[in-house]
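Visitor: After the sequence you'll find the predicted model.
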Amino acid sequence: MEQTFIMIKPDGVQRGLVGEIISRFEKKGFSLKGLKLMSVERPFAEKHYEDLSSKPFFNGLVEYIISGPVIAMVWEGKNVVTTGRKIIGATNPSDSDPGTIRGDFAIEIGRNIIHGSDAVESAKKEIALWFPDGTVNWQSSLHHWIYE
Ligand code: IDP
Ligand code: MG
């Protein structure tokens, strides 16, 4: 089954949105396969965002991600990468629809509270980076009530 990497950024943690965000993924029917609260060091944040290293906002982005603890998670389910991005909303909260996490809780692109992998391949890479010791293999007892 498909997996995605979701991270609640330092502003999401500081603003007390951890429970709300987890709840949205849970209620949808996705399964939590990994979860940890951690502070990341600069080189780790730079590695996570290495594809953006040439962008003018890269330094500020790295500063933002290392400014406080984050919640790193792995969620699993059918089409969870694409659907997860829809639940999160557009990168710039000015463009995020109400009902999405960024649409409901964020205002600025540089404080958009949550990260989600943008493709199955990047999800695999990000899960390997953030969960080098692997994730938890279990299946919800509700599985047959969620999938046909
Ligand atoms: P995504 O998080 O929706 O996948 P990306 O383009 O991958 O968006 O950018 C990663 C993160 O970099 C964004 O979530 C946002 O925090 C930050 N970011 C992107 N563009 C800008 C910008 O123009 N100014 C400041 N921060 C930006
Ligand atoms: Mg991205």
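Guide: The structure has been received and is ready for your questions. Numbering: from 1, shown residues only. Ligands and ions are numbered 1, 2, ... in the order given.
Visitor: Output the set of residues of the chain in proximity to ligand 1.
Guide: Selection of the chain residues close to ligand 1 by Cβ under 6 Å from any ligand atom yields 52, 57, 61, 91, 109, 110, 112, 115, 118. (Each C-beta comes from the backbone N, C-alpha and C, glycine too.)
Visitor: Against residue 127, how distant is the third one?
Guide: Same thing as residue 61. Noted for residue 61: a distance of 20 Å to residue 127, by Cβ to Cβ, to the nearest Å.
Visitor: Isn't residue 86 up against residue 101?
Guide: No - counting by Cβ atoms under 8 Å, residue 86 stays clear of residue 101, with 10.1 Å between them.
Visitor: rewinding a little: now for the residues of the chain next to ligand 1, which pair is the farthest apart?
Guide: Largest separation among the residues of the chain next to ligand 1 by Cβ to Cβ: 110 and 118, giving 18.0 Å.
Visitor: Give me the PyMOL select line for the residues of the chain next to ligand 1, limited to the buried ones.
Guide: The buried subset of the residues of the chain next to ligand 1, as determined by 16 or more other Cβ atoms under 10 Å, is captured in PyMOL by this line:
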select buried, resi 61+109+112+115+118
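Visitor: Please flag which of the residues of the chain next to ligand 1 sit within strands.
Guide: Counted as lying in strands by DSSP state E, out of those, are residue 115.
Visitor: Now, the residues of the chain next to ligand 1 that are in helices?
Guide: Among the residues of the chain next to ligand 1, DSSP state H puts residue 61 in helices.
Visitor: Kind regards, and thank you for your time.
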